[in-house]
Each structure stands twice: as structure tokens, then as C-alpha cells.
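>>> pasting the sequence and the predicted coordinates here, then a few questions.
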Amino acid sequence: FMIVAPETDLTGAEVLAERVRETVEKNYTIFNDEKIHITVSVGMVVADQEYVGYDPMRHQVASLLSEAKRTGRNKCIVRPMQLAEEPVAIG
């Protein structure tokens, strides 16, 4: 799922991501009379207000989420949005 948090800076996004992670971790479900604990990995990017490109943002979030899973799960990785450099014409 995606959370859009207008006017949230990098520090605020880190707090929000960790709050989501902790809330999920505190909960559990019962299946076949067995308590199953749930965790979540979070990938989040922080973009300037002028930035409106959904697809590049979605791809970077997916990359951060994969990194969180690959490096231990049940964790948050929050980074500033990395804008691709403009292509340079050759010739």
C-alpha cells in the first residue's frame, strides 16, 4: 500500500514508517488456534512538493522495500527521492 503524507520531511517520514512498523509488529492473528505474529518491511521515499512522477517514485520505493527484506526484514528504509539525471545527447 502507499501512504501519501504531504508536508512531511525526511525525519517525519522516518517516524511515520517506524510507527507503522511497530504497530503491525504489536499485532497478531489466530489461525488454526495458533497465534501468528506479523511483521512488515517498509520502503519509503521523500520527494519535493514539485515532484509529481509516480512511476519513478514507485520504482524507488520497490527497490527500498526489497533492500529492507534482503537485509533483515521487519525494518524501515527511508531515503530522499533520487531524481534521474537528464539524458545527455551525444553527437
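Structure received.
>>> how many other residues sit next to the residue lying closest to residue 18 once chain neighbours are set aside?
Excluding the flanking residues, the one nearest residue 18 by Cβ to Cβ, 6 or more residues apart in numbering is residue 76, at 5.5 Å. No exception for glycine: its C-beta is placed from N, CA and C like everyone else's. By the criterion of other Cβ atoms under 10 Å, residue 76 has 22 neighbours.
>>> please report how far residue 76 lies from residue 32.
31 Å (Cβ to Cβ, to the nearest Å).
>>> likewise for residue 11?
For residue 11, the distance to residue 32 - Cβ to Cβ - is 42 Å.
>>> between these two, which is the more surrounded one?
Taking other Cβ under 10 Å, residue 11 and residue 32 do not tie; residue 11 has more neighbours (10 against 5).
>>> tell me the mean pLDDT over whatever helix or strand residue 43 lives in?
For residue 43, the element it lies in under DSSP states H and E is strand 42-46. For strand 42-46, the mean per-residue pLDDT is 93.
>>> how far does stretch 1-15 sit from its chain's centre?
Distance of stretch 1-15 from the chain centroid (Cα atoms, centre = their mean, to the nearest Å) equals 9 Å.
>>> ditto for stretch 32-52
6 Å.
>>> ok, stretch 4-21 next?
The answer for stretch 4-21 is 9 Å, by Cα atoms, centre = their mean.
>>> so which bits of that stretch are buried?
By 16 or more other Cβ atoms under 10 Å, the buried positions in stretch 4-21 come out as 13-14, 16-17, 20-21.
>>> looking at the residues you listed, which is nearest residue 53?
residue 13 (17.7 Å; Cβ to Cβ).
>>> just checking, what packs against the strand holding residue 43?
The helices and strands touching strand 42-46, judged by 3 or more Cβ pairs under 8 Å, 6 or more residues apart in numbering; DSSP states H and E, are helix 10-25, helix 54-70, strand 76-80.
>>> among those, which is nearest residue 1?
Nearest of these (Cβ to Cβ): helix 10-25, 9.7 Å.
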